[in-house]
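Asks: requesting a structural model of the entry that follows:
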Amino acid sequence: MTAARRREARAAFLFLSPSLLGLLIFVIVPVVASFALSLTRWDLVTPPRFAGLANYAALIRDAEFWHSLGNTMVFMLTLPVSLALALFLAVLMNRPLRGLAILRAVYFLPVITTLVAVSLLWRWIFNPDYGLMNAALVKLGLSPLPWLASTVWAKPAIMLMSLWKGLGYHLLVYLAALQGIPRHLHEAAELDGAGSWSRFWRITFPLLAPAHFFLLVIGVIWGFQIFDSVYVMTEGGPAGSTAPVLYYLYQKAFQWFEMGYASAIAWALFAFMFLATWLQWRSLGRREGATA
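Replies: Here you go, the predicted model:
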């Protein structure tokens, strides 16, 4: 390297050093420490005792862990519904009509609202005594439901809230992708006699492949991390029917102080997230890259 190159390298490293230091202290060191803790038994009081892979072996036999993982998978069912509804709304809003900018902002407003505030709002909406949801059911001549107190209805209630919260983000991404599609492709297809549905299915939908892939990957990662809404609305109840994996990890770590076991849950969760992302990349990412 020339002297000028060495000076540039030193300057670059100097500017990058605060971020690299933060990455080391707040990401790399905690990750390594959590893996080390997953190999121990530690209750925050007595010194950690090495346990090898005992935590992971116990995790495989833990019925409550698999139950919470099943709850997480059920919550993820809101993702395809949200994507389909967001794509439908994005196509409707991708037109030069008056007032659409205000409508887009209204749809995006829940996204920028804190999840705790949204969860508190929806807990009030689902209140069995004075909530808006039961008031609407009574107006329709139906019986009120014990939404968050029922093992049957608590999970759909949280899923409905999650759908309302995330719809605006999916809508925004699809709108941006739609506006990047060249108009001459639709004009040429229309001149050839293609109808609206044919143009959407053969032109619009395939060209939205990068947006589909991005939203699926991000949605699955976010789905594995659901916690705040459950903690605020139901605290995992009733009878554990809404407890996802992350809430089970929280209980093990901060209620029962089984830090080693909680670290093992965290690494198992990471393994599931990595596997899900890898499978999506294998099935969708490579195909989208080859198409591009």
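Asks: pLDDT weak spots in the stretch 151-292 of the chain?
Replies: Across the stretch 151-292 of the chain, the ranges flagged by pLDDT under 70 are 285-292.
Asks: show me where it has helices.
Replies: 154-179, 183-191, 196-199, 205-207, 209-224, 228-233, 245-254, 259-280, 286-291 (DSSP state H, counting those that start in this stretch).
Asks: closest to residue 4 out of those helices?
Replies: With Cβ to Cβ, the closest approach to residue 4 among the helices of the stretch 151-292 of the chain belongs to helix 286-291: 37.1 Å. Where you see a C-beta, it was placed from the backbone N, CA and C, and this is true even at glycine.
Asks: for the residue nearest the centre of the chain, what are its contacts?
Replies: In the chain, the residue lying closest to the centroid (Cα atoms, centre = their mean) is residue 222, at 1.9 Å. Contact analysis of residue 222 by Cβ atoms under 8 Å, 6 or more residues apart in numbering lists residue 166.
Asks: same list (the helices of the stretch 151-292 of the chain) but as a markdown table, adding distance to residue 143.
Replies: Formatted as a markdown table, the helices of the stretch 151-292 of the chain follow (distance: least, Cβ to Cβ, whole Å):
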| stretch | distance to residue 143 |
| --- | --- |
| helix 154-179 | 16 |
| helix 183-191 | 49 |
| helix 196-199 | 40 |
| helix 205-207 | 41 |
| helix 209-224 | 32 |
| helix 228-233 | 22 |
| helix 245-254 | 30 |
| helix 259-280 | 39 |
| helix 286-291 | 47 |
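Asks: those helices: which one's closest to residue 28?
Replies: Of all the helices of the stretch 151-292 of the chain, it is helix 259-280 that lies closest to residue 28, at 14.3 Å by Cβ to Cβ.
Asks: quick one: residues contacting the nearest residue to residue 49 once chain neighbours are set aside.
Replies: Nearest residue to residue 49, sequence neighbours excluded (Cβ to Cβ, 6 or more residues apart in numbering): residue 41, at 4.9 Å. The contact partners of residue 41, by Cβ under 8 Å, 6+ apart, come to 48-49, 51, 54-55, 258, 260-261.
Asks: check residue 223 too.
Replies: Counting by Cβ under 8 Å, 6+ apart, residue 223 touches 72, 75-76, 79.
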